[in-house]
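*Asks:* make a model of this:
(chains A and B)
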Amino acid sequence: MKVAVITFPGSNCDYDLFKAAQQVGGDAQFIWHRERGLESYDAVLLPGGFSYGDYLRAGAIARMSPIMEDVIEFAKTGRPVLGICNGFQILCESGLLPGALMHNISLKFESKDVMLRVDRSDTMFTKDYTTGQVLRIPIAHGEGNYGADDETLKALEDQGRVVFRYVDRDGEPSDEANPNGSWNNIAGITNETGNVLGMMPHPERAMEKLLGSTDGLALFTSMAGSIQPS
Amino acid sequence: MSQYRIEVRVKPRPGLLDPQGKAIHHSLNSLGWEGVNDVSVGKAIYIEIDADSADTALATVEVMCRKLLANPVTEDFEVSVVDEMELTSS
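*Replies:* Numbering: from 1, shown residues only, chains lettered A, B, ... in the order given. Next up is the predicted model:
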């Protein structure tokens, strides 16, 4: 599995993602945002961080990078594209995913572990989880409040494209369990074809027991297992 | 050909929660200002651009707003000319 980790000026979770891809047997490569060419890769990962200092809006400048044209083309081929945190913001800004990520309702940068419920275990990113499984995964963001127009939100729910939701210990999506004000406690969504996933929480920071949780590991094993050897 | 200075005002869409506006509203209240009914926070962007007419300049900047300066999901925008300087051909 050849995995591209796209790095922008201001990315800061790129090494975590690189290591996560390696941990599941991936041949990971960093691709600088000004480089071109993703044809030979099996998966593309957009890391968290503060690309371009979050100027204008988080992700707004990064999506103008030359490599993003290739990411859009890559996504059209049905191969997996995963954007985490700032990566999710870039996917929304680039139009690969609908909606937008606004300032947290608390106005604070939220950095803590949250509970996530897996609402879909039939995607290429979640097949090694079970539906309804509750995960403990860290978040670290100031702009993670997911919203979209009513029509888009209805489509996301009707088409079962909400993959992860913020929940309490009992697996219920309560207001108390919602760290940023996201509509319907949305933490992660896919595109219509299911091969582009954006999520605010950081599964790549939950890969080793020593670091508090291994609940993120199955996301990367799922992705590795979904890729047809080329 | 003139150089136009265009002001772009990007504002949160009405109805959407504006946590920055809310925080400032609370601060104004706690400083003793009463009768403040609402506060919302947007941003202003100034662009200097060469164009044949004010209309052309505004139309160009509107395209910029749709493509980059505002997020259509969460923000509205307004554009206006704040200054015009004729370019002398030398």
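
*Asks:* dihedrals phi and psi, A:Ala43?
*Replies:* Here is the backbone geometry of A:Ala43 (degrees, to the nearest 10): phi -150, psi 150.

*Asks:* that one: neighbouring residues, count only.
*Replies:* 26 (other C-beta atoms under 10 Å in any protein chain shown). In short, each C-beta sits where N, CA and C put it, glycine included.

*Asks:* low-confidence ranges, the chain, go.
*Replies:* The chain I'm using is chain A. For chain A, the stretches flagged by pLDDT under 70 are A:228-230.

*Asks:* actually chain B
*Replies:* Scanning chain B for pLDDT under 70 picks out B:89-90.

*Asks:* OK, contacts around B:Met85?
*Replies:* B:2-5 (C-beta atoms under 8 Å, 6 or more residues apart in numbering or on different chains).

*Asks:* the residues you listed, buried ones only, as a ChimeraX selection?
*Replies:* Buried subset of the contacts of B:Met85, written as a ChimeraX selection, criterion 16 or more other C-beta atoms under 10 Å in any protein chain shown:
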select /B:2,4
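
*Asks:* from the contacts of B:Met85, which land in strands?
*Replies:* Of these, the ones assigned to strands by DSSP state E are B:2-5.

*Asks:* using the three-state scheme, assign B:Asp83.
*Replies:* strand (DSSP: H, G, I helix; E, B strand; the rest coil).

*Asks:* quick check on residue 73: phi, psi?
*Replies:* No chain specified, so I'll use chain A. phi -60, psi -40.

*Asks:* identify the residue spatially nearest to it, adjacent ones excluded.
*Replies:* Of all residues not flanking A:Glu73 in the chain, A:Leu38 sits nearest, at 7.6 Å (C-beta to C-beta, 6 or more residues apart in numbering or on different chains).

*Asks:* the one you found: how many residues sit nearby?
*Replies:* 23.

*Asks:* how about A:Leu211?
*Replies:* Quick note: A:Leu211 (other C-beta under 10 Å) scores 12 neighbours.

*Asks:* give me phi/psi at it?
*Replies:* Dihedral pair for A:Leu211: phi -100, psi 10, per degrees, to the nearest 10.

*Asks:* would you mind measuring from it to chain B?
*Replies:* Here the criterion is C-beta to the nearest C-beta, to the nearest Å. By it, A:Leu211 lies 31 Å from chain B.

*Asks:* pretty sure that residue contacts A:Glu204?
*Replies:* No. Using C-beta atoms under 8 Å, A:Leu211 makes no contact with A:Glu204, being 10.4 Å away.

*Asks:* quick one: contacts for B:Val79?
*Replies:* B:Val79 touches B:6-9, B:58, B:61-62, B:65, counting by C-beta under 8 Å, 6+ apart.

*Asks:* who does it bridge with?
*Replies:* B:Val79 has these beta-bridge partners by DSSP bridges: B:Val8.

*Asks:* which positions in chain B make contact with chain A?
*Replies:* Proximity of chain B to chain A (C-beta under 8 Å from any C-beta of the partner chain) is limited to residues B:16-17, B:19-20, B:22-23, B:68-69, B:71, B:73-74.

*Asks:* pick out the residue of chain B closest to chain A.
*Replies:* Residue nearest to chain A within chain B: B:Val73 (4.0 Å; C-beta to the nearest C-beta).

*Asks:* for that residue, give me its contacts.
*Replies:* So B:Val73 contacts A:92, A:98-100, A:147-149 (C-beta under 8 Å, 6+ apart).

*Asks:* filter those down to the ones close to chain B.
*Replies:* Within the contacts of B:Val73, those near chain B by C-beta under 8 Å from any C-beta are A:92, A:98-100, A:147-149.

*Asks:* now the buried members of those.
*Replies:* A:92, A:98-100, A:147-148.

*Asks:* tell me the contacts of the residue in chain A that chain B sits nearest to?
*Replies:* Nearest to chain B, among the residues of chain A, is A:Ala100, at 4.0 Å (C-beta to the nearest C-beta). By C-beta under 8 Å, 6+ apart, A:Ala100 lies in contact with A:92-93, A:146-148, B:71, B:73-74.

*Asks:* now swap in A:Leu135 and tell me
*Replies:* Contacts of A:Leu135 (C-beta under 8 Å, 6+ apart): A:115-118, A:129, A:164, A:206, A:213, A:215-216.

*Asks:* mind running it again at 10 Å?
*Replies:* A:113-118, A:129, A:164, A:167, A:187, A:201, A:203, A:206, A:213-216, A:218-219 (C-beta atoms under 10 Å, 6 or more residues apart in numbering or on different chains).

*Asks:* and A:Ala58, by the same measure?
*Replies:* Contacts of A:Ala58 (C-beta under 10 Å, 6+ apart): A:49-52, A:85-86, A:88-90, A:92-93, A:100-103, A:141-144.

*Asks:* look up how far A:Ile186 lies from it.
*Replies:* Separation of A:Ala58 from A:Ile186 (C-beta to C-beta, to the nearest Å): 16 Å.

*Asks:* if we can go back for a sec, need the residues touching each of A:Leu211 and A:Glu204.
*Replies:* Common contact partners of A:Leu211 and A:Glu204 (C-beta under 10 Å, 6+ apart): A:16, A:138.
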